[in-house]
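Enquirer: Below is the structure, and that's it, no one-letter string:
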């Protein structure tokens, strides 16, 4: 075994960083055995140096992250700061000074992954980021390596624990969105400002990263169609149950049927209770992958939290250190297919539409005509007089597969019908 | 990109081998892009050369596998023959002649993995075997690499599709074992001689491999305690349901509480319906991993079949070829902990015991005394007069956690009681 230790700089020492530092210390012998060389924490960049950090030598603490990555003796930089800047500049500087990088930064990778990969390649160093997607669940490595001889056609993921907790709560207790969000906040599953989670920004970043790796092409967060779950109602969940479904906020990445383009989107969707993703409870994450030869695979586990995310960071640290010892690098960016990303209008799926309509003869015929005119074929219709309205009924239409643009056109035309009082909800049906 | 192709010898061209050859041909460009060099099928060793093999150049076919691996121009040998010999000799010869090896051979790896790893290391070549455990499901790589910075404490796996199909059928239809086996055979899920599956040999081999990788120590198939599912009855399944459980044939690998030894075993067990493994249906496989930092992870997918297994082989082929191009090797055997494997008697778990007893006062007191004398604490007891017997009752005891040796002693003593007519079944309860 090599005796000179590999030196690691840790950027950020919050929930994840402090766990990384702790495990590096308590499991030092195991890590050395797995790497073939000892690893040593050589510096920790923080914003608040005065905070007491148990188990970390105070002499390692610095507020000057840039000076730390420029030191010249650093072999690996672990970036767990998050956000675009200064993380991007620090990672680029790290590569320029000969370090490999392990990052948990989904926002940055989804925004500018290509430039980071290019910098890593230019300087002959590694960029690993297992922790950026679904915390501890091994996904990046299985997609980049285990399935490297296969062709992935679809990725369906529950990649945000906060929203899964909220939807699971709504499903099991019948609670409305606000009530479920309050409970998630009280239990620490949702942040004080839950926007990034409930509006789907967090899931969209992960969708971009997953789509890029799965389809060997570049997908940025701006390419991902995004709808949050704030408009999901208790009535939607009840409708889903009647169909033998449940509602999940899904990140969906698909290769088009002709193989010439890809799509990536995040939105609430109904999935059948028989689908493996339907039983993913509470704040757990899971990603379901359909590959040509492998068939249907699912990866399940905790999608966030200090220790689980640290586990993913340390797995990458071992890999990156092993590569340094062997004087090689792991697989870099694989974007050789250069497939374009199509817009949401080209996505083909099924829809569950709930309409408030006048309770009189001929309404169904009118509605059905609008669907037909837009080329959207109806699978089932359920008509029901409403208890709360005089002369009103609700009409629930489930369609066959149709392009999203055709469905949008249909809904726009439905809104113009006198007999349609309102479109109560539109939800896609996936995973069938 | 390097232009000289990497040459691959394929040993075996059955269900898996023919899929490997097919994908290597149809996806040649993708594979070359992922590896950074073209790969070429340079020879295929078969037993029956006269069989028509669509898509394979007949000039590549040979019956002399030894000569093929000795040719000297082979970069990678893919071994999908199975069994101990001649596979072992061929793999050893391949290393001696400078080739890396991708194998799907669980029996050989569970029997003699250490010697194969040693040969690979001696010659500076790779030995990869993702396909040996649970077909297409990435498990070996996540355990060896993604969790390399974590500490795995337990692995619970449904790693045999045939037996899961049989148990799922018994659970959903109320069928008995023989009836469910007949259906599995008719549908092609069970072989004409189902011994390797139903007696747990196949699962035991996978348990040995998983335990070795998870705990960084050597575990051979002979170290694995093994019980098949042939004695599981419809009554056991019904009992499990009453407890909110289902019955699965599990491969269970555990680190002892003191961390100083490991155990590996295969047997039918009751698991709660709320456990993620409980919803694994039909012939699917899934492996549930408990790691110190990552928490609970599950990997799910098809555990067998030509295309899924070929997907795992090709993922390994890409990794091994990338290593050859980079003139390096991947992680070798990691057995540095050298933990001993304890016997079944030291395993600590819960038990569900069903007794046929005389229906008269005092029996429960007698039975409870026997449990107490052996240090096995009772959790619940359910007593029921039997409809089919005069003066007979059944007594169902569920224990708290106790060592397996203590439970065996208890059962032996129970059999000697005059009032105990028979021990109808003993089943362990896991996953709580």
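Expert: All right, it came through fine. Remember, predicted model here, so these are calculated numbers, not experimental data.

Enquirer: only C-alpha atoms for contact and neighbour calcs from this point on.
Expert: OK.

Enquirer: Return the residues in contact with residue A:203.
Expert: Counting by C-alpha atoms under 8 Å, 6 or more residues apart in numbering or on different chains, residue A:203 touches A:159, A:160, A:197, A:251, A:266.

Enquirer: what do you get if the cut-off is 10 Å, keeping everything else the same?
Expert: A:106, A:133-134, A:157-161, A:163, A:196-197, A:209, A:221, A:224, A:226, A:228, A:249-252, A:265-267 (C-alpha atoms under 10 Å, 6 or more residues apart in numbering or on different chains).

Enquirer: Of all the residues in the stretch 151-300 of chain A, which one is nearest chain B?
Expert: Closest contact between the stretch 151-300 of chain A and chain B, by C-alpha to the nearest C-alpha, is at residue A:294 (3.9 Å).

Enquirer: That residue contacts residue B:312, correct?
Expert: Yes: counting by C-alpha atoms under 10 Å, residue A:294 does reach residue B:312; the two are 7.5 Å apart.

Enquirer: which one of these two has more residues nearby?
Expert: Comparing residue A:294 with residue B:312 by other C-alpha atoms under 10 Å in any protein chain shown, the one with more neighbours is residue B:312, at 34 against 29.

Enquirer: Distance of that one relative to residue B:42?
Expert: Distance, residue B:312 to residue B:42, using C-alpha to C-alpha, to the nearest Å: 20 Å.

Enquirer: What of residue A:324?
Expert: Distance from residue A:324 to residue B:42, by C-alpha to C-alpha: 33 Å.

Enquirer: Then residue A:147?
Expert: In terms of C-alpha to C-alpha, residue A:147 sits 23 Å off from residue B:42.

Enquirer: more neighbours, those two?
Expert: Using other C-alpha under 10 Å as the criterion, residue A:147 and residue B:42 rank with residue A:147 on top: 25 against 20.

Enquirer: which ones are touching the more buried one?
Expert: A:141, A:214, A:291, A:293-294, B:136-138, B:311-316, B:318.

Enquirer: Narrow these to those that are buried.
Expert: A:141, A:214, A:291, A:293-294, B:136-138, B:311-316, B:318 (16 or more other C-alpha atoms under 10 Å in any protein chain shown).

Enquirer: Residue B:428: which of the residues you listed is nearest?
Expert: residue B:137 (26.5 Å; C-alpha to C-alpha).

Enquirer: Which secondary structure state does the closest residue to that closest one other than its chain neighbours sit in?
Expert: Nearest in space to residue B:137, with sequence neighbours left out and distances taken as C-alpha to C-alpha, 6 or more residues apart in numbering or on different chains, is residue B:301 at 5.5 Å. Put simply, residue B:301 is strand when judged by DSSP: H, G, I helix; E, B strand; the rest coil.

Enquirer: again with the one 10 residues further on
Expert: Three-state assignment for residue B:311 (three-state DSSP): helix.

Enquirer: ok, now residue A:339?
Expert: Three-state call for residue A:339 (three-state DSSP): coil.

Enquirer: ok, it to chain B distance?
Expert: Per C-alpha to the nearest C-alpha, to the nearest Å, residue A:339 is found 13 Å from chain B.

Enquirer: ends of stretch A:193-201, how far apart?
Expert: First-to-last residue span, stretch A:193-201, C-alpha to C-alpha: 13 Å.

Enquirer: my read: residue A:110 touches residue A:208, true?
Expert: Yes: look at residue A:110 against residue A:208 with C-alpha under 10 Å: they come within range, at 5.7 Å.

Enquirer: list the residues that contact both of these two?
Expert: If you check residue A:110 and residue A:208 against C-alpha under 10 Å, 6+ apart, the residues they both contact are A:218, A:219, A:220, A:221, A:222, A:223, A:224.

Enquirer: can you map out the helices along the stretch 51-200 of chain A?
Expert: A:65-69, A:87-96, A:106-122, A:140-141, A:161-173, A:177-186, A:195-198 (DSSP state H, counting those that start in this stretch).

Enquirer: Surely residue A:20 and residue A:305 touch.
Expert: No: using C-alpha under 10 Å as the test, residue A:20 is too far from residue A:305 to be in contact (11.9 Å).

Enquirer: Please say which of the two ends up with more neighbours.
Expert: residue A:20 (26 against 18).

Enquirer: residues contacting that one?
Expert: Per C-alpha under 10 Å, 6+ apart, neighbours of residue A:20: A:10, A:13-14, A:41, A:78, A:80, A:306-307, A:309-314, B:149, B:293.

Enquirer: can you count the residues close to the nearest residue to residue A:385 once chain neighbours are set aside?
Expert: Nearest residue to residue A:385, sequence neighbours excluded (C-alpha to C-alpha, 6+ apart): residue A:393, at 4.1 Å. Neighbours of residue A:393 under the rule other C-alpha under 10 Å: 22.

Enquirer: Pull the number of nearby residues for residue A:101.
Expert: 26.

Enquirer: quick one: it from chain B, how far?
Expert: 16 Å.

Enquirer: Quick check: that residue vs residue A:120, distance?
Expert: 8 Å.

Enquirer: And residue A:23, by the same measure?
Expert: 26 Å.

Enquirer: okay, the two: which has more neighbours?
Expert: Between residue A:23 and residue A:120, residue A:120 has the larger neighbour count (other C-alpha under 10 Å), namely 25 against 18.

Enquirer: Would you agree the more buried one is in contact with residue A:102?
Expert: No: applying C-alpha under 10 Å, one finds residue A:120 not in contact with residue A:102, separated by 11.2 Å.

Enquirer: who touches both of the two?
Expert: With C-alpha under 10 Å, 6+ apart as the test, residue A:120 and residue A:102 both reach A:91, A:126, A:127.

Enquirer: And those, which is closest to chain B?
Expert: residue A:126 (13.7 Å).
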